[in-house]
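> dropping the sequence and predicted coords here.
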Amino acid sequence: TQLLEQSPQFLSIQEGENLTVYCNSSSVFSSLQWYRQEPGEGPVLLVTVVTGGEVKKLKRLTFQFGDARKDSSLHITAAQPGDTGLYLCAGPTTGNQFYFGTGTSLTVIP
Amino acid sequence: NAGVMQNPRHLVRRRGQEARLRCSPMKGHSHVYWYRQLPEEGLKFMVYLQKENIIDESGMPKERFSAEFPKEGPSILRIQQVVRGDSAAYFCASSGPGQGTYGYTFGSGTRLTVV
């Protein structure tokens, strides 16, 4: 079973601070996705990383895929209250399904 | 609205009743996936369907749960004789052919409460 572990589980920071959350596995993934889920809503796809070592930027969010394609990180610069949410990483399994991590719940305090 | 549409958003059922959850995929998407999210747990795959075909139901409980995606109309996830443990958020996602491996578009979910 491919397992995606996310850390930290909970994170509460002040507006303007930087943060990094992690997604780790002992298995190699062909790609990893990051989603953000707000309370009462479905997850929204933020990015897909495919190549080992790849770095993608989405405004203040920087996503990195590990060289060995076993891990990924999400760095947020100057966090804003609108960044509050549950951040999920996911990777494809051998079928047409994704395995999701349990997420990092981020709260940005104004 | 070209997004994935799920209804109802909230559903309350008494133990033993049936729950029917509906999902209309994005326009042009022919692949539908159902996931369940339990409190304090991650999203768990249930079933993958294409029009008129169940492709992978490995994540679906063998009893009481069924899913369909007819030629016309939305995909339906059906839970018979619901129990309290079925209380969860159920999400539907869709993708086009060959696009699913790069991520999904999810609907807003149906929150099922069994009382």
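Looks like it came in fine. Keep in mind it's a predicted model, so treat the numbers as computed, not measured. Numbers count the residues shown, from 1 in each chain, chains lettered A, B, ... in the order given.

> partner strands of the longest strand that chain A contains and their direction?
Ranked by number of residues, the top strand in chain A under DSSP state E is strand A:85-92. When pairing is defined by DSSP bridges, strand A:85-92 lines up against strand A:32-37 (antiparallel), strand A:98-100 (antiparallel), strand A:104-109 (antiparallel).

> which of those has the lowest mean pLDDT?
The stretch with the lowest mean pLDDT among the strands paired with strand A:85-92 is strand A:98-100, at a mean of 90.

> can you mark which positions in that one are buried?
Neighbour counts using 16 or more other C-beta atoms under 10 Å in any protein chain shown place A:98-100 of strand A:98-100 among the buried residues. Glycine gets a C-beta too; all of them are placed from N, C-alpha and C.

> do the same with stretch B:51-71
B:56-57, B:59-60, B:65, B:67-69.

> again, but for stretch B:15-34
B:19, B:21-26, B:29, B:31-34.

> same deal with stretch A:46-58?
Applying 16+ other C-beta under 10 Å to stretch A:46-58 flags A:46-49, A:54, A:56 as buried.

> measure it end to end?
Using C-alpha to C-alpha, to the nearest Å, one end of stretch A:46-58 lies 8 Å from the other.

> centre of the chain to that stretch, how far?
Stretch A:46-58 sits 11 Å away from the centroid of its parent chain (C-alpha atoms, centre = their mean, to the nearest Å).

> check stretch A:20-32 too.
9 Å.

> what's in contact with that stretch?
A:2-8, A:11, A:34, A:48-50, A:65, A:68-76, A:87, A:89-92, A:101, A:104, A:106, B:101-102 (C-beta atoms under 8 Å, 6 or more residues apart in numbering or on different chains).

> ok, now stretch B:90-104?
Residues contacting stretch B:90-104 (C-beta under 8 Å, 6+ apart): A:30-31, A:33, A:35, A:42-43, A:45, A:48, A:90, A:92, A:96, A:98, B:4, B:6, B:21, B:23, B:25-26, B:28-37, B:43, B:46, B:75, B:77, B:105-107, B:109-112.

> narrow those to those in strands?
Judged by DSSP E, the subset of the contacts of stretch B:90-104 located in strands is A:33, A:35, A:45, A:48, A:90, A:92, A:98, B:6, B:21, B:23, B:31-37, B:43, B:46, B:75, B:77, B:105-106, B:110-112.

> what distance separates the start and the end of stretch B:77-86?
12 Å.

> okay, buried residues for that stretch please.
Buried residues in stretch B:77-86 (16+ other C-beta under 10 Å): B:77, B:79, B:82, B:86.

> what do you get for stretch A:32-45?
For stretch A:32-45, by 16+ other C-beta under 10 Å, it's A:32-37, A:41-43, A:45.

> which residue does chain A bring closest to chain B?
Residue nearest to chain B within chain A (C-beta to the nearest C-beta): A:Gly42, separated by 3.5 Å.
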